[in-house]
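Below are the sequence and a predicted model for it; my questions follow.
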Amino acid sequence: MNINRLSKLKSFFLKVSHHVTLFIAMSIICIPGLWIVLNSFRPTVDIMAKPPVWVPRGLNLDNYRAMFGGAGEGGVPVMQYFTNSLIISCTSTIIALFVGMAGGYAFARFRFKGKNAIFVGLLLTRAVPGVALSLPLFIVMAKTGIIDTHFGLILVYVAMNVPFTIWLIDGFFRQIPPDLAEAAEIDGCTRWQAFWKVEFPVAKAGVASAGIFAFLTSWNEYALASQLTRSTFSKTMPVGLRDFTSEFTINWGGMCALAVLLIIPALILTFIVQKHLISGLTFGGVKG
């Protein structure tokens with residue numbers, strides 16, 4: 001009985017310590033985000049106070065009003081930046097997913113000459129930091145006339161996301177037995193019907209995972225967007241944060257308010273596809 005009691009106590013303390021450790025870790029991760037949200041509702045005096053004001057003295061919407069106000073009120077074109085980010089991120093994600101599905105399926109199902117070399121070559125392109133490509137990309141895009149355009153930034157983000165989506169989707173399709181498609185073809189399906197009606201529904205969790213990662217990469221990217229965009233009609237929201245800085249001052253409240261708006265769509269999308277994202281990340285991890 002003593003041994004059982006000691007075993008239960010040990011299990012209880014391990015469980016408690018596990019949850020306490022997770023709580024501390026999540027607190028450390030979430031505190032910066034919470035601080036940004038609080039600062040978006042606080043005046044500059046409280047934001048710059050030393051020592052820091054941890055408990056807000058009062059919350060207001062002045063930063064959001066100023067952000068959405070007219071040009072004479074110190075507002076920035078937030079809706080234009082939001083529209084730019086939405087168009088560029090969604091378009092580049094859709095294109096990257098279609099190319100990634102085609103490429104990932106080809107690598108997973110077919111044999112062709114140089115297959116391994118091409119696959120490794122695609123992955124090596126992601127080893128180059130995006131900042132290192134900013135200058136050559138700027139020169140090429142300036143000469144072709146697509147600098148400071150949606151089209152140019154979409155091309156860049158598609159090129160960034162395609163290798164990763166191919167690699168990720170290839171891994172999911174490799175977990176699907178080829179016999180499923182062969183059985184569907186025997187029953188009268190074409191190759192396309194076998195893929196769309198049999199294989200794709202099984203792998204859609206993996207495709208959703210690739211899509212959310214591609215979208216977040218495009219949505220949050222700053223380094224290349226800051227170099228390849230100049231005008232209001234092409235800047236994305238991360239680049240728009242610079243509008244709150246001037247030669248001598250920084251509008252921390254406005255910057256935090258825009259950061260909150262930048263975070264919200266990513267959170268909403270993550271919650272919407274959470275089920276597919278979790279099942280996609282764990283796909284193939286458990287074998288029957």
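Perfect, I can see it now.

okay, CA-based contacts and neighbour counts for the rest of this
Noted.

per-residue confidence averaged over the one helix or strand residue 34 maps to?
Residue 34 is part of helix 2-40 when elements are defined by DSSP states H and E. For helix 2-40, the mean per-residue pLDDT is 83.

List the buried residues of it.
36-40 (16 or more other CA atoms under 10 Å).

okay, those in CSV with distance to residue 188 next?
Putting these into CSV (distance: CA to CA, whole Å) gives the following:
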residue, distance to residue 188
36, 57
37, 57
38, 60
39, 62
40, 60
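
Can you verify residue 128 is assigned to a helix?
No - under DSSP: H, G, I helix; E, B strand; the rest coil, residue 128 sits outside any helix and is assigned coil.

Would you mind measuring from it to residue 164?
13 Å (CA to CA, to the nearest Å).

Ok, residue 207 next?
Using CA to CA, residue 207 is found at 12 Å from residue 164.

Just want to know which of the two has more residues nearby.
residue 207 (26 against 21; other CA atoms under 10 Å).

confidence score at that one?
Residue 207 carries a pLDDT value of 85.

Out of the buried residues of helix 2-40, flag the one nearest to residue 227.
Proximity of the buried residues of helix 2-40 to residue 227 (CA to CA) peaks at residue 36, which lies at 25.6 Å.

So what's the gap between stretch 177-186 and the chain middle?
On the basis of CA atoms, centre = their mean, to the nearest Å, stretch 177-186 sits 34 Å off its chain's mean C-alpha point.

Show me what counts as buried in that stretch.
Across stretch 177-186, burial judged by 16+ other CA under 10 Å covers 181, 184-185.

With stretch 128-144 instead?
So for stretch 128-144, counting by 16+ other CA under 10 Å, buried means 130, 134, 137-138, 141.

what's in contact with that stretch?
For stretch 128-144, contacts defined as CA atoms under 8 Å, 6 or more residues apart in numbering pick out 147, 152, 223-224, 227-228.
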